[in-house]
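Novice: structure of the sequence below:
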Amino acid sequence: MACAAGAAPRSASAAPHAAAARRRIRRRAAVAMAAASKPTLYDLPVSNNGARIRLLLYKAGLEGAVSIESPQALGGLRSGEYRALHPQGKMPLLVAEGGSLAVPESEVIVMYLLDRFAAETAAFVPATLEERTRCNLLTRLHDVYLTGASPTQLTTLGAMYKAMPADERAEKLASLDAQLDDLERLAREGGAWLATQDAPSTCDFAIFPSMIFVKFMAPIFGWSDPFAAARRPKLAAWWAACLRDADFKRVFDEVDGALQGWKAGGRWDKIGASEQVAASPERYKH
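Specialist: Predicted coordinates for the structure are as follows:
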């Protein structure tokens, strides 16, 4: 290739990087164009918190009304562009068309969608005061005691997939087991769903993706089936009902597929969990 006088020849290795940069620019332009006409949800398949929103969108037939993009479309969770919209740098994040409103926090996003698409989502709001209260309580229990933590702490559910000292892991796994018992206690008697009789509601959408994590990771820590009918009959019936539903099964496949990738990549070796369990297997069993 000829070069202008005095110009340094382009390195052959620079060409792939330039092509990748052009693809990123085109991708961002496409995302920006879509975002101008409808809300955009920034999320990844492995996100249990984001999965509650995807499940609502699937059940309500709203996939065409909301775009779903990876945070990488904005440069990733740590990019200035993403953090300008969500300073915490977490997902999921919903951005209204034209960037007029940025909505973080999964349950707040669900509330936004219930309000904005009230007709399409009405079937998933419990009909009675008792059912709505039960649904809200179950969701709150999940968000505060299972997946909630201050910015400097790790969540209870995080004990299954984050690096942490052995004492903290054992304590959080014991708490997780107790929280499952509380879900069992609070779940509705009879019927397939946690708070309602005939159709799932938003608490089912919130809790199911995290239970995919629990079901997948329980054997790593020597647990027996966390949804065994002998111990937790209501959760056992609920889990089976979820997997019979096509949209729940779709979300299961999304999240489980991503977790299989974690396993193939040796995640539990890398975070020290495998070594901790091998050193004291009885300590983590429930």
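Novice: low pLDDT regions in the stretch 51-200 of the chain?
Specialist: Scanning the stretch 51-200 of the chain for pLDDT under 70 picks out nothing.
Novice: in it, which spans are strands?
Specialist: Using DSSP state E, counting those that start in this stretch, the strands of the stretch 51-200 of the chain run over 67-69, 93-95, 102-104.
Novice: ok, the last one: who's next to it in the sheet?
Specialist: So the one you mean is strand 102-104. Partner strands and pairing direction for strand 102-104 (DSSP bridges) are strand 93-95 (antiparallel).
Novice: show me which residues of the partner strand are buried.
Specialist: 93-95 (16 or more other CB atoms under 10 Å). C-beta coordinates here come from the backbone N, C-alpha and C atoms, glycine included.
Novice: can you check stretch 219-232 too?
Specialist: Applying 16+ other CB under 10 Å to stretch 219-232 flags 220-221, 223, 226-227, 232 as buried.
Novice: and what of stretch 246-258?
Specialist: Those buried within stretch 246-258 under the rule 16+ other CB under 10 Å are 247-248, 251-252, 254-256, 258.
Novice: from those, which ones fall inside helices?
Specialist: 247-248, 251-252, 254-256, 258 (DSSP state H).
Novice: among the residues you listed, which one lies nearest to E171?
Specialist: V255 (25.6 Å; CB to CB).
Novice: so Q276 touches W268, yeah?
Specialist: No. With contact defined as CB atoms under 8 Å, Q276 does not reach W268; the gap is 9.5 Å.
Novice: residues near R244, how many?
Specialist: Counted with other CB atoms under 10 Å, the neighbours of R244 add up to 10.
Novice: look up how far W238 lies from it.
Specialist: Using CB to CB, to the nearest Å, R244 is found at 11 Å from W238.
Novice: ok so, going back, list just the nearest of the buried residues of strand 93-95 to Y284.
Specialist: L93 (33.5 Å).
Novice: quick check: bridge partners of the closest one?
Specialist: Y42, P104.
Novice: contacting residues around it?
Specialist: 41-43, 71, 82, 85-86, 102-104 (CB atoms under 8 Å, 6 or more residues apart in numbering).
Novice: residue boundaries of the helices in the stretch 101-250 of the chain?
Specialist: 106-116, 118-121, 129-141, 166-186, 202-217, 233-244, 246-264 (DSSP state H, counting those that start in this stretch).
Novice: what's the most buried one of the ones you listed?
Specialist: The highest mean neighbour count among the helices of the stretch 101-250 of the chain belongs to helix 202-217 (a mean of 24), with neighbours defined as mean count of other CB atoms under 10 Å.
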